[in-house]
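Trainee: What follows is a predicted protein model with its sequence.
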Amino acid sequence: MVQSMKRYVGNVGNTTLTVLKGLRVTLINLFRTPITIQYPEVDIRQKDLKAFGYKGPLGPLPDRFRGFLHVNPEICIACDLCMKACPIDCIRIESTKIDKTTIQGKDGKAVNKVKHPVRFDIHLGKCMYCGLCVEPCPTGAISFSKEFEGATSTLNTLVVHFAEPKGLPVREATIL
Amino acid sequence: MEIFLQEGLVLLKAALWAVALSLVMALVAGFLTYLERKVAGHMQARLGPNRVGPYGLLQFVADGVKLFLKEDLIPSDADAPLFRFGPYLVFVGSFAVFAVLPFGERIVATDLNIGLFYVLAITSIETVGLLMAGWASNNKWALLGAMRSAAQSISYEIPVGVSFLIPIVLAGSMSLQGIIHAQAGGFGLLGWNVFHNPFSLAAFFVGCTAMVAEINRTPFDLPEAESELVAGYNTEYSGMRFAFFFLAEYANIFVISMIAAAIFLGGWQLPSPFKDILPFGLVGSFVLLAKAAVLVFIVLWLRWTLPRVRVDQLMEVCWKYLTPMALVCLMGTAVWMWAFPGRIFFGLFGTA
């Protein structure tokens, strides 16, 4: 009898105590700085988020962020390594022979360039951002950018042409 | 002729009050949905709604418009008349309480002499509405939610009723205004029923817990239990009918806070020098609303703190803990009034 009374009162006390403990935790959190980044207003591609009035602890996009693939056709030697590496075949390269030039490679060694891409298409709608194409590239011509806003109403706009076909002047890659 | 005129005036007054109170209810419930999301957001280190209007204050208007424009779906296997009727019953059960809510010393739609009894009785209609909605939906989740709701509301009516008896006993009146009048005391504070004696203090907590359970709020939100029952009794509802449930749910938070503030926390009682600063006892109204706001915040705060109890725990809390405790509080208060007539706890060691 006494024991069950003790347990009863103990239960009531325990409930009160634990509820108060829980309330304390949530109250402390209530006054914490919100972690939310107001995305379209705060440009997370910039280094300094504080400049946009963001007070939380998060940083900008990490350096190794995998955004859209970007190709610099000037240093591309059209070796097709990226095309072969791609597991879902979303890269398409056509090239033409040019006079031999040398290009600074990723590891610092000089790389011979004997071919130039006349067509370098990447289907960003298919790309799964695995990065297998970036790894074998000897010159660092293909790399991840920090662009990620890919919403579009037609699928074709996601096929990005990094080199104009048939020797036309090279156009800077435009997304959308 | 004069009788007709008088009757007409009474009806007109009633209609005006009804319009005003429904506006108050809609605004309060809407603002509470906003407040809940804001509190939830900040407790989880988020921002909460902040897009519509300044600080997202107009979010509930946008939500209301959205619900209003939505298609009104009635499942083909549902019992259509009951399905239509359920939400209104729930809404009425919540709205009718506003008629006796004392918003101030002179601001109340009608001061029923059985005010608290009326509150207990009319809120029970909501259970019928929920059960109706759940049954008519012809959906297992909805039915389970409705059954839970019925079991819960009926059980928790008892501790709520018993803890309501304590202010009634103390004031010798069932009218909400009468109970508030009886709470006059030093600094407009010492007369509060919570400070009357240790038992009434305990009864305040017992009553508040039971009331939170009765309006199906977390941690006693088994009828809705998003994670178990999809959405409980309102699973099949959409558009305006859903909005009625939603409105009633949030209005209920305000209602229980107002009632608790009125019967336990001294209502609009003020120290006499502040009483007549504004006309109609408006200062008292603000004080009462502030007390209610604090209680509302605590209800929201509890929701984002505590996990949901199990069904057996729910019944255990009610029958093994709250009900006996409320009874002990009632008897204790009665004994106190017999042993120290007219004395409050703080007055024991001096003159009351």
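Mentor: Alright, I've got the coordinates. Numbering: from 1, shown residues only, chains lettered A, B, ... in the order given.
Trainee: State the mean pLDDT of stretch B:133-142.
Mentor: For stretch B:133-142, mean pLDDT is 86.
Trainee: now it: how far from the chain's centre is it?
Mentor: Going by Cα atoms, centre = their mean, to the nearest Å, the spacing between the C-alpha centre of stretch B:133-142 and its chain's C-alpha centre is 25 Å.
Trainee: do the same with stretch B:284-299
Mentor: Here stretch B:284-299 shows a centroid-to-chain-centroid distance of 12 Å under the convention Cα atoms, centre = their mean.
Trainee: what do you get for stretch A:110-118?
Mentor: So, by Cα atoms, centre = their mean, the centroid of stretch A:110-118 is 27 Å from its chain's centroid.
Trainee: can you give me the strands in the stretch 101-250 of chain B?
Mentor: Applying DSSP state E, counting those that start in this stretch to the stretch 101-250 of chain B gives no strands.
Trainee: for chain A, what are the nearby residues on it?
Mentor: By Cβ under 8 Å from any Cβ of the partner chain, no part of the stretch 101-250 of chain B sits against chain A. Any C-beta I mention is one placed from the backbone N, CA and C, and that applies to glycine too.
Trainee: ok, which stretches of the stretch 101-250 of chain B are helices?
Mentor: Listed in chain order, the helices of the stretch 101-250 of chain B (DSSP state H, counting those that start in this stretch) span B:115-136, B:140-171, B:176-181, B:198-214, B:226-229, B:239-263.
Trainee: Mind giving me the packing neighbours of the longest one?
Mentor: Here helix B:140-171 touches helix B:115-136, helix B:176-181, helix B:198-214, helix B:226-229, helix B:311-316, helix B:323-339, going by 3 or more Cβ pairs under 8 Å, 6 or more residues apart in numbering or on different chains; DSSP states H and E.
Trainee: list the buried ones in it?
Mentor: B:141-153, B:155-171 (16 or more other Cβ atoms under 10 Å in any protein chain shown).
Trainee: dump the residue contacts of the one residue sitting closest to the centre of chain B.
Mentor: The centroid of chain B falls nearest to B:Ile256 when counting by Cα atoms, centre = their mean (2.3 Å). Shown in contact with B:Ile256 (Cβ atoms under 8 Å, 6 or more residues apart in numbering or on different chains): B:208, B:211-212, B:214-215, B:295, B:299.
Trainee: The longest helix anywhere in chain A versus helix B:323-339: what angle between them?
Mentor: Taking DSSP state H as the criterion, chain A has its longest helix at helix A:2-30. On the basis of axes from the mean of the first three to the mean of the last three Cα atoms, to 10 degrees, helix A:2-30 is oriented at 100 degrees to helix B:323-339.
Trainee: Show me which positions of helix A:2-30 end up buried.
Mentor: Buried positions in helix A:2-30, judged by neighbour count with 16+ other Cβ under 10 Å: A:22-23, A:26, A:30.
Trainee: can you check stretch A:45-56 too?
Mentor: Applying 16+ other Cβ under 10 Å to stretch A:45-56 flags A:49, A:54, A:56 as buried.
Trainee: ok, now stretch B:290-304?
Mentor: Applying 16+ other Cβ under 10 Å to stretch B:290-304 flags B:291-292, B:295-296, B:299-304 as buried.
Trainee: Inside helices: which ones of those residues?
Mentor: Counting by DSSP H, the buried residues of stretch B:290-304 place B:291-292, B:295-296, B:299-303 in helices.
Trainee: if we can go back for a sec, just the buried residues of stretch B:290-304 that are near chain A?
Mentor: Among those, chain A is touched by B:301-302, B:304 when using Cβ under 8 Å from any Cβ.
Trainee: By mean pLDDT, show me the worst of the helices and strands packed on helix B:140-171.
Mentor: Mean pLDDT per stretch puts helix B:226-229 lowest among these, at a mean of 68.
Trainee: Would you mind putting the CA coordinates of stretch A:41-52 into PDB?
Mentor: Provided in PDB are the C-alpha atoms of stretch A:41-52 (Å, rounded to 0.1, in the frame of the first residue of the first chain):
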ATOM      1  CA  GLU A  41      17.400  36.300 -51.700                       C
ATOM      2  CA  VAL A  42      20.700  35.000 -50.200                       C
ATOM      3  CA  ASP A  43      22.900  33.900 -53.000                       C
ATOM      4  CA  ILE A  44      24.500  30.700 -51.700                       C
ATOM      5  CA  ARG A  45      27.000  30.700 -54.600                       C
ATOM      6  CA  GLN A  46      28.700  33.700 -53.100                       C
ATOM      7  CA  LYS A  47      31.400  33.300 -50.500                       C
ATOM      8  CA  ASP A  48      30.000  35.700 -47.900                       C
ATOM      9  CA  LEU A  49      26.500  35.000 -46.800                       C
ATOM     10  CA  LYS A  50      26.700  37.500 -44.000                       C
ATOM     11  CA  ALA A  51      26.600  40.300 -46.700                       C
ATOM     12  CA  PHE A  52      23.000  39.200 -47.500                       C
END
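Trainee: B:Val160 contacts B:Glu214, correct?
Mentor: Yes. If you go by Cβ atoms under 8 Å, B:Val160 and B:Glu214 touch, sitting 5.5 Å apart.
Trainee: Quick one: name the residues of chain A near chain B.
Mentor: Remark: the part of chain A in contact with chain B comprises A:11-12, A:19, A:22-23, A:25-27, A:29-36, A:38, A:56, using Cβ under 8 Å from any Cβ.
Trainee: can you tell me how far A:Pro87 sits from chain B?
Mentor: 37 Å (Cβ to the nearest Cβ, to the nearest Å).
Trainee: lowest-confidence helix or strand of chain B?
Mentor: Between all helices and strands in chain B, the lowest mean by mean pLDDT, DSSP states H and E belongs to helix B:226-229, at a mean of 68.
Trainee: out of the contacts of B:Ile256, who's nearest B:Phe91?
Mentor: B:Phe91 has its nearest neighbour among the contacts of B:Ile256 in B:Ile215, at 13.8 Å by Cβ to Cβ.
Trainee: Give me the neighbour count for the residue of the stretch 101-250 of chain B at minimum distance from chain A.
Mentor: Across the stretch 101-250 of chain B, no residue is closer to chain A than B:Phe205, which sits at 8.2 Å (Cβ to the nearest Cβ). Number of residues near B:Phe205 (other Cβ atoms under 10 Å in any protein chain shown) recorded here: 16.
Trainee: now B:Phe60
Mentor: Applying other Cβ under 10 Å, we find 24 residues neighbouring B:Phe60.
Trainee: State the distance from A:Ala141 to B:Phe31.
Mentor: Separation of A:Ala141 from B:Phe31 (Cβ to Cβ, to the nearest Å): 57 Å.
Trainee: okay, those two: which has more neighbours?
Mentor: Ranked by neighbour count (other Cβ under 10 Å), A:Ala141 and B:Phe31 place A:Ala141 first, with 24 against 16.
Trainee: So that one is in contact with A:Cys76, correct?
Mentor: Yes. Look at A:Ala141 against A:Cys76 with Cβ under 8 Å: they come within range, at 3.9 Å.
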